[in-house]
Structure formats: C-alpha cells, structure tokens
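Undergrad: Here is my input; please provide its structure:
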Amino acid sequence: MIETKNPFSTQLTNIMTVRDLKMHFPVTKGLLKHPVGAVKAVDGVSFDIKRGQTLGLVGESGSGKSTIGNCLIHRIQPTSGDIVFEGTNLKNIDKKTMRLMRRTVQMITQDPFASLDPRFTVGECIAEGLRIHHLIDGKKAISERVREMLDMVGLRPEVADRYPHEFSGGQRQRISIARSLALQPSFIVCDEIVSALDVSIQAQIVNLMMKLQQDLGLTYVFIGHDLSVVRYISQNVAVLYLGKIMELTSSDELYDHPLHPYTQALISAAPIPNPKVDRARERILLKGEIPSPLNPPKGCNFCTRCPYATDLCREVEPEFVDEGNDHWVACHRVSGK
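TA: Here you go, the predicted structure:
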C-alpha cells in the first residue's frame, strides 16, 4: 500500500515513487547452498522523483547507490517494496509491459567502453535499440536517427562508421548518452557517469546532460561520489549509508545546512576551490570502516562511526522524519532524543 504522506510530496508531479525498497542478496554455504544470511545492500528506502528534475544519490562505496539504480530500472528484482513509475507498480507488470517500459527508462553507466559492443560501429550500437523495439523501420530512417542523436550529443554524424575503441573516454560517454536518447526515454539513471573522466571532460558531460534535460524534459537519478558535481546537477539529494537514507532534502538545503553527522562529515571532506577557505575550515574525520552489510549494527547504522553516538543510537533505529522545510533526517540527535 502506497502512503499518501511521503518525503518530497509537492505540487510537482512525481514520475516515480519508491516506498520501503529492499534489496537483500542471500548468502549461502556449502554444496547444498544452505542460507546463512543476507547482504542488505538496500534496506528500506523511500523517496519521490519529480518529473523533469534530478535526484542525486551520494555516499561511500557500498552504501547501496548503484543497487538502487538497478532496482529502479528493474535490472534486478527487489526483495520487497514498491516502485511506482508513471502510475504503474513495477512489481505487478508482465513481460510485455516491462518490454515497453524499457523504452522509457534507460541507464548510463560509469564505463561506456564495457557497454558498447567492440564488434559494432558506433552507428550500429546506437541503432541496436531502435531495431529491438521496432521504433523505426528502414535503413535510411534509422541512419537519420543515429546521425541526429550524434549531433545532439556534440559529435559529428560521420563518426557513426567508426568503432568504440577509436574514441576517448569522454567521446565514448557521449556515444552511450546518444544510444540511450535514441529510444526517447523520459527517465535515465546516471550511474557514476563522470567519475572516470578528467575534470574538464566531467564538466562538459554534466553540462550536456543538463542541456538535454532542459531541451527534452528528462528526469534523472544521478549517482556519484563527487559532492560538488552532484550539487551542481541535482535539485534534490539523498545521502546513503549502509543501505539506508540518512538525509534527504533539496540540494542547496543539504549543502548549506547539513543535519546528519554523516552528511556533515562528507561535506567537510569535499574540496573547496578557494585554498584559504579550504585550509581554514574544520574537517570531520570518521574513524573505522563501514560495517558489513551482512551484519549491520543494531540501532542506527552509523552509530559505530558517529562521534555523537549514545546508548539510544546503539539500541534503537532512528525514524526518518521531516525536520521542517522538507528536510528529512534519520538521527536521534537531530530529533532531540
């Protein structure tokens, strides 16, 4: 049952609604594969994604960001929870409906070279989806669409006859974007799409994605490690830790007024262009490693590394509540307990 009171419910239309999403990967032992536990990669997250906007997902490696992205496009089947896209609950749809949905929901990954078939020319890579979904008939029409997509992402149409290995990393990422756009999607998951690129190329790709969003009315989930990049492209940001959302609010609110200790630590570690300001500010150093998602801590997931943890934090999981101005936080300290 989808609740009516949700994080980020506003007058803007939600293209996707996620409630209590869980992705637990079973762990087995021995030849008979007896279950011995489960890796709680995503453990009960809820959020809304507004049409035409970008939701950023940030957190350390292993926090569950990419797993959420794969669940949203139904690349993997969640353990439980609801993902409602354009009014349809994805757990209730049949294969035919899912095939149609694949045209409107796309994913761009961190490594474009791994997602492009080296045996195909760039034109064939982009045209593959058009043929699979029977969106366009005829060689000439397909060729025109391919050239249109290449031009849209800032590449010359004649590169359609070349192979992926002939391009730089930034150019290959543009090709991946063109391939996703060829199906005319409304929703794209961007999974670390600039993390492997040089800083100058990162800026070009991010600006391209923002222009495409404005021109085509696209909705993004932008997964990343670089907090400055995520802030630049996202209207709203969710901070994840060990499979749970610690904090969720608008981008400016999160970066200007972080409430959760984990968010404060992440932002304090992000570099600032001004060297004097960067050297003068206080940094919050987190001790220890992220606990195993196979055996997360009791109470708050962050309690083993939090400098403010109390006995309550170690025993009781904090509720995810709105502290005002659509600023959602899961922290006993913030809630005054």
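Undergrad: Tell me which stretches of the stretch 151-300 of the chain form strands.
TA: With strands called from DSSP state E, counting those that start in this stretch, the stretch 151-300 of the chain shows them at 187-191, 219-223, 236-241, 244-250.
Undergrad: Paired strands for the first one, with orientation please.
TA: So that's strand 187-191. strand 105-108 (parallel), strand 219-223 (parallel) (DSSP bridges).
Undergrad: which stretch among the strands of the stretch 151-300 of the chain comes nearest Val45?
TA: strand 244-250 (5.0 Å; Cβ to Cβ). From N, CA and C alone the C-beta is placed, and that goes for glycine too.
Undergrad: ok, then the element right after the worst-scoring helix or strand of the chain on mean pLDDT?
TA: Ranked by mean pLDDT, DSSP states H and E, the helix or strand of the chain with the weakest confidence is helix 275-280, at a mean of 63. Once the chain leaves helix 275-280, the next helix or strand it forms, by DSSP states H and E, is helix 311-315.
Undergrad: how far out from the middle of the chain is the very next helix or strand once past that following helix?
TA: Per DSSP H and E, the first helix or strand lying C-terminal to helix 311-315 is strand 321-322. Relative to its chain's centre, strand 321-322 lies at 22 Å (Cα atoms, centre = their mean, to the nearest Å).
Undergrad: pLDDT averaged over strand 321-322 - what is it?
TA: Throughout strand 321-322, pLDDT has a mean value of 94.
Undergrad: Direction included, what does it pair up with?
TA: strand 328-329 (antiparallel).
Undergrad: pLDDT on the partner strand, on average?
TA: 97.
Undergrad: ok, residues contacting that strand?
TA: 7-8, 245-249, 259-260, 320-323, 335 (Cβ atoms under 8 Å, 6 or more residues apart in numbering).
Undergrad: ok, back up a step: now render the strands of the stretch 151-300 of the chain as a markdown table, adding distance to Gly170.
TA: Converted to a markdown table, the strands of the stretch 151-300 of the chain look like this (distance: least, Cβ to Cβ, whole Å):
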| stretch | distance to Gly170 |
| --- | --- |
| strand 187-191 | 15 |
| strand 219-223 | 17 |
| strand 236-241 | 25 |
| strand 244-250 | 30 |
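Undergrad: The ones you listed: which one's closest to Ile290?
TA: strand 236-241 (7.6 Å).
Undergrad: what separates that closest one from the chain centre, distance-wise?
TA: The mean C-alpha position of strand 236-241 is separated from the chain mean by 10 Å, Cα atoms, centre = their mean.
Undergrad: Repeat that for stretch 36-52.
TA: For stretch 36-52, the distance to the chain centre is 11 Å (Cα atoms, centre = their mean).
Undergrad: list the contacts for the residue most central in space within the chain?
TA: The residue lying closest to the centre of the chain (Cα atoms, centre = their mean) is Ile223, at 3.5 Å. By Cβ under 8 Å, 6+ apart, Ile223 lies in contact with 56-57, 65-66, 68-69, 189-192.
Undergrad: of all those, which comes closest to Gln106?
TA: Closest to Gln106, out of all of those and judged by Cβ to Cβ, is Val189, at 7.4 Å.
Undergrad: Surely that closest one touches Gln106?
TA: Yes: shown here, Val189 and Gln106 form a contact pair, counting by Cβ atoms under 8 Å, at 7.4 Å.
Undergrad: Would you mind grabbing the residues shared as contacts by these two?
TA: Joint contacts of Val189 and Gln106 (Cβ under 8 Å, 6+ apart) are Ile73.
Undergrad: For the stretch 1-150 of the chain, just list every one of the helices.
TA: 65-72, 95-101, 112-115, 122-132, 139-152 (DSSP state H, counting those that start in this stretch).
Undergrad: and Pro293, which of those helices is closest to it?
TA: Per Cβ to Cβ, nearest to Pro293 of these: helix 65-72, 9.9 Å.
Undergrad: roughly how far out does that closest one sit from the chain middle?
TA: 7 Å.
Undergrad: All good on my end, thank you.
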